[in-house]
Structure formats: C-alpha cells, structure tokens
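**Student:** sequence and predicted structure, then a few things I'm wondering about:
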Amino acid sequence: MGPVLLAFVLAVLAWLLVVGDLVRRHRPAWHWHLVGYPATTCRLMATWRKVAMLNDLAVSRRPPRGLLGDLVVKGDPLRPVAPRISFPRATRMGLTLVVRLHAGQTPATYIKAADALVHAWKVHAVRATSPERGLVLLTATATDPLERPGLATAHVELLSALIGALESGGAWVMNLRLVPHWLITGATRSGKSTLLARLITQLATQPVAMVGIDCKGGMELGLFAGRLSALATCRREAVAVLSALVVDMQDRMSACRSAGARSIWELPDTLRPVPVVVIVDEIAELYLSDGTREGKAEAEQCSTLLLRLAQLGAALGIHLVVAGQRVGSDLGPGVTALRAQLGGRICHRVNDPGTAEMTLGDLNKDAVAVAQSITAEERGVAVCTGPDGGWSRARSHLTPTEEAVSTARKYAAMAPELPALDRALASLEGDDK
C-alpha cells in the first residue's frame with residue numbers, strides 16, 4: 001500500500017469516527033440502529049449459551065438409555081441445553097427477544113439474571129417479563145433514556161397532563177379519564193413536589209376545577225392558590241371541603257339520574273358540571289391524630305370522606321390525586337382501603353420499603369424492587385403504572401417553581417367557582433370569630 005493510499009484510508013477512517021461521534025451525540029437512535037443494534041445482537045448470540053450456563057438458565061438433560069439384550073446402553077453424556085431464543089428485534093433504543101422456557105423453569109430465574117445479562121451484552125438495563133405461560137420477554141435498553149429526557153410530545157385532551165418521558169422514550173401522560181384516581185409517593189427532594197407542580201400547570205389551561213388540601217399550612221399548594229377553586233390548609237378545613245364535595249357529588253348523582261345518564265360525560269354540555277381534581281399533599285397529615293377526641297374524629301371523617309369520593313367520584317367527574325412522603329398501614333385501615341381505589345400509582349425514591357410496598361406491592365413485586373433502587377441523584381425518576389396495568393420507569397419534566405407560579409397566576413381567571421366549598425370555608429371562619 002502506497003503512502004498516498006494509506007493517507008487516504010486514514011483520512012476516511014478519521015472522517016468516519018468524527019461523523020460517528022456526531023451521530024451518536026445528536027442522533028442516538030440512528031447510531032443505535034446503524035452500529036449499536038448489530039454489535040449488541042452479535043454479542044448476544046455469541047454469549048447466550050455461556051451466560052445461560054453460568055446463571056442457571058440452562059437445563060442438563062439425562063442421557064437416553066436403552067436395552068440391548070441384557071446390556072444397558074447409555075447415550076451421550078450430560079450436556080447443559082440453553083433455552084431457545086428468538087432473533088433479537090430492534091426497538092428505538094434497545095432490543096427485545098423471546099425466550100422459550102424449559103419445563104419446570106419460571107420467569108423468576110431470568111429476573112435474577114438481569115444484571116448478568118446487562119454485563120454480558122454491555123447495555124444499560126435488561127427487564128424480564130412473562131407475556132404468556134412458558135415464555136419470557138427480555139427487553140434491553142442501550143442507554144438510560146431518563147438521564148437526559150427530551151420534551152416528548154403527545155396529544156393532551158381534557159383531564160390529561162403531559163408529565164414527562166417514559167423509559168421507552170415515549171410521553172408520560174396522566175389521563176384522569178382513563179385512570180381517575182392516583183397515589184403519588186416520594187421522599188423529600190425525590191421529585192414529588194415537582195411532579196405536582198407540573199400536573200397543576202398542565203391542568204391550569206383546561207376548564208377544570210382544582211381543589212387543594214395541604215395540611216402543612218398551605219406551604220406547597222398555597223403557591224398556586226390563584227388557580228385553585230378552594231384550598232384547605234388544615235385538617236379542620238379539609239373536613240369541610242371534603243364534606244362539601246360529597247354533597248356536590250350527590251347533586252351530580254341526582255342530575256345524572258334525572259337525565260338517564262350513567263356519568264356526567266353522557267350529559268349535554270349545558271348540563272354537565274365542571275370536572276373537579278382534588279390534590280392532597282401529604283396524606284399522613286389527614287390520618288394522624290394528635291390523640292385528642294376531636295383529632296381522632298377529624299381523622300376518621302377525612303378517611304371516610306376520601307374513600308367515598310374515590311369509590312363514587314370517577315363517573316361524576318371528581319378525581320383524586322393523593323401524595324405523601326410515607327404511606328403505610330400504620331396510618332390506619334382507612335389508608336389501605338383508599339389505596340385500593342387509587343388505580344394510578346407513582347413511586348419516587350422513598351425512605352422506607354413499606355411505602356414502596358404500599359404503593360406498588362399489590363400491583364407488581366418487580367416494580368417495588370425497581371422503585372427501591374432509585375438513587376438520590378435521580379431526582380424526578382419514578383416507577384409509574386399505565387392504563388394497561390403495566391409499569392415503567394419514568395421521569396417528570398423539570399418545572400421550576402417560578403414557572404409553575406407564573407402559569408397559575410396567568411390562568412387564575414379560569415378557576416371555576418365552587419360556591420358550596422366557599423360557603424363551607426366561610427362558615428369555619430365565622431365560627432372562629
């Protein structure tokens with residue numbers, strides 16, 4: 001090879017490296033399909049049998065035996081047989097493959113082997129699920145899509161909010177029409193308050209009434225008071241607001257019954273009452289009593305009223321979004337009963353395993369383990385459920401407090417009036433005087 005040709009080849013290689021790096025940084029999906037997916041597929045196919053043997057995924061079959069007169073003839077010696085796999089299919093930033101289990105195998109073995117598969121295939125994460133009996137679906141992601149999530153786009157309709165991005169790269173949308181009630185948990189500085197701010201800013205532009213219950217004196221939700229139709233800042237006010245909402249819910253039932261409708265969405269536009277989203281920040285403040293008779297009575301009232309709204313409110317346009325740092329059975333049986341009615345779940349980093357178990361344990365044990373692995377550096381990252389009953393890691397878009405407050409003030413005129421709630425709060429002020 002002459003010096004001119006060598007220089008040309010080196011120049012082409014350098015150009016390819018530069019272009020490849022630019023594509024990797026600015027068009028990661030292109031780089032994955034052109035380079036990452038073929039390389040990972042070759043690595044996967046080459047290492048599958050060895051990885052299966054080292055992680056107890058292979059099964060050793062007994063050698064066949066036969067009789068030849070009075071002699072016992074044995075077949076081949078014991079040899080581990082790896083499960084059969086399908087050819088990997090590329091996704092946007094990863095791949096999937098189906099494993100056909102050997103007799104007696106369970107998906108739990110593959111869940112335990114997920115970390116070993118990550119190292120063998122040199123990917124970010126591997127998740128094992130079982131779409132049907134006898135099969136395991138392995139989903140590998142090349143990089144962490146939540147490290148720098150882009151602002152995903154999605155069609156946002158009434159009572160839905162674009163919260164952030166899913167681990168799959170898609171949009172994370174909370175749709176209260178599909179999943180009417182939500183439970184959100186997270187420790188301090190885990191991203192729970194940021195998510196609530198994002199939800200409020202998304203709903204602020206819609207013809208929706210928002211009611212805040214913040215028994216920490218309104219420190220969190222009080223910032224958005226201009227867009228809220230009512231705000232309770234202590235448990236006594238919370239009892240009054242929830243009682244008024246239950247009365248309003250009964251009025252909505254009567255309107256639906258008179259019109260022969262099963263929900264407010266079947267009513268004509270002129271008769272349909274405004275949807276109400278009740279946002280509760282720090283649910284424990286409603287359930288923990290100070291030991292006095294009055295405190296216990298208020299806690300029991302809050303528990304009963306919230307449960308009634310959760311059981312009957314969905315068809316009547318009343319939705320609950322309940323948040324808290326800690327949610328456990330020690331708060332009383334009312335919390336467990338309420339949890340059963342909150343179909344949507346979001347779990348950020350939590351300080352105790354019990355809260356993660358209470359949030360996700362009745363839906364999927366794997367989701368609990370993933371939620372407990374969220375680190376303090378992953379602010380805004382959470383495990384969330386979807387309308388299909390599945391779960392995913394997700395990250396909410398960062399909404400600065402100043403932006404959220406500005407949005408609430410901008411759309412303050414859109415806050416619908418709820419006279420029954422205003423009268424309830426006004427009566428408490430009159431009693432105090």
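**Tutor:** All right, it came through fine. Numbering: from 1, shown residues only.
**Student:** which segments of this structure make up each domain?
**Tutor:** Using automatic domain parsing, the domain ranges for the chain come out as 48-143, 160-432.
**Student:** how far off centre is the first one?
**Tutor:** Using Cα atoms, centre = their mean, to the nearest Å, we find the averaged C-alpha position of domain 48-143 to lie 30 Å away from the chain's own average C-alpha position.
**Student:** now it: average pLDDT?
**Tutor:** Averaging pLDDT along domain 48-143 gives 81.
**Student:** what of the longest one?
**Tutor:** With pLDDT averaged residue by residue, domain 160-432 scores 90.
**Student:** still on that earlier bit, pick the most deeply packed of the domains of the chain.
**Tutor:** With neighbours defined as mean count of other Cβ atoms under 10 Å, the domains of the chain peak in mean count at domain 160-432, which reaches a mean of 19. Bear in mind the C-beta positions are built from the backbone N, C-alpha and C, glycine included.
**Student:** quick check: phi and psi at G226.
**Tutor:** phi -60, psi -30 (degrees, to the nearest 10).
**Student:** distance check, it against P400.
**Tutor:** 17 Å (Cβ to Cβ, to the nearest Å).
**Student:** check E220 too.
**Tutor:** From E220 to P400 the distance is 15 Å (Cβ to Cβ).
**Student:** returning to that earlier point: right, and the domains of the chain - which one's nearest P28?
**Tutor:** Of all these, domain 48-143 sits nearest to P28, with 6.7 Å by Cβ to Cβ.
**Student:** endpoints of that closest one, how far apart?
**Tutor:** End-to-end span of domain 48-143 (Cα to Cα, to the nearest Å): 21 Å.
**Student:** cool, stretch 388-403 as well?
**Tutor:** In stretch 388-403, first residue to last residue: 32 Å (Cα to Cα).
**Student:** just stretch 226-246 next, same as before
**Tutor:** Its start and end residues considered, stretch 226-246 measures 23 Å (Cα to Cα).
**Student:** and it, how far out from the chain's middle?
**Tutor:** That offset, for stretch 226-246, works out to 27 Å (Cα atoms, centre = their mean).
**Student:** tell me where the stretch 301-433 of the chain has helices.
**Tutor:** Assigned helices in the stretch 301-433 of the chain, in chain order: 333-341, 353-360, 365-372, 401-410, 419-432 (criterion: DSSP state H, counting those that start in this stretch).
**Student:** same list (these) but as TSV, adding distance to V156.
**Tutor:** Listed next are these as TSV, based on distance: least, Cβ to Cβ, whole Å:
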stretch	distance to V156
helix 333-341	25
helix 353-360	25
helix 365-372	25
helix 401-410	14
helix 419-432	26
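**Student:** P207: which of those is closest?
**Tutor:** Checking the helices of the stretch 301-433 of the chain against P207 by Cβ to Cβ gives helix 401-410 as the closest, at 15.2 Å.
**Student:** looking at it, I283 is touching V335, isn't it?
**Tutor:** Yes. Assessed by Cβ atoms under 8 Å, I283 is found in contact with V335 at 7.3 Å.
**Student:** ok, now which ones touch R43?
**Tutor:** By Cβ atoms under 8 Å, 6 or more residues apart in numbering, the residues touching R43 are A120, W121, K122.
**Student:** mind giving me the packing neighbours of the one helix or strand E237 maps to?
**Tutor:** Using DSSP states H and E, the element containing E237 is helix 235-259. Helix 235-259 is packed against strand 209-214, strand 230-232, strand 276-281, helix 284-287, helix 293-312, strand 318-324, helix 419-432, with contacts defined by 3 or more Cβ pairs under 8 Å, 6 or more residues apart in numbering; DSSP states H and E.
**Student:** I'd like to know how far the residue lying closest to I283 once chain neighbours are set aside sits from A230.
**Tutor:** Here the nearest residue to I283 in space, its sequence neighbours aside, is G324; by Cβ to Cβ, 6 or more residues apart in numbering that works out to 4.0 Å. According to Cβ to Cβ, G324 stands 20 Å off from A230.
**Student:** before we move on, what about V246?
**Tutor:** For V246 relative to A230 (Cβ to Cβ), the value is 14 Å.
**Student:** using the three-state scheme, assign G104.
**Tutor:** Three-state call for G104 (DSSP: H, G, I helix; E, B strand; the rest coil): coil.
**Student:** now for it: which residues touch it?
**Tutor:** By Cβ under 8 Å, 6+ apart, G104 lies in contact with V59.
**Student:** how much space between it and L54?
**Tutor:** Using Cβ to Cβ, G104 is found at 19 Å from L54.
**Student:** again with W391
**Tutor:** W391 is 29 Å from L54, where distance means Cβ to Cβ.
**Student:** then C347?
**Tutor:** Distance from C347 to L54, counting by Cβ to Cβ: 33 Å.
**Student:** distance to A29 for the domains of the chain - can I get that in JSON lines?
**Tutor:** As requested, the domains of the chain are exported to JSON lines (distance: least, Cβ to Cβ, whole Å):
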{"stretch": "domain 48-143", "distance to A29": "6"}
{"stretch": "domain 160-432", "distance to A29": "8"}
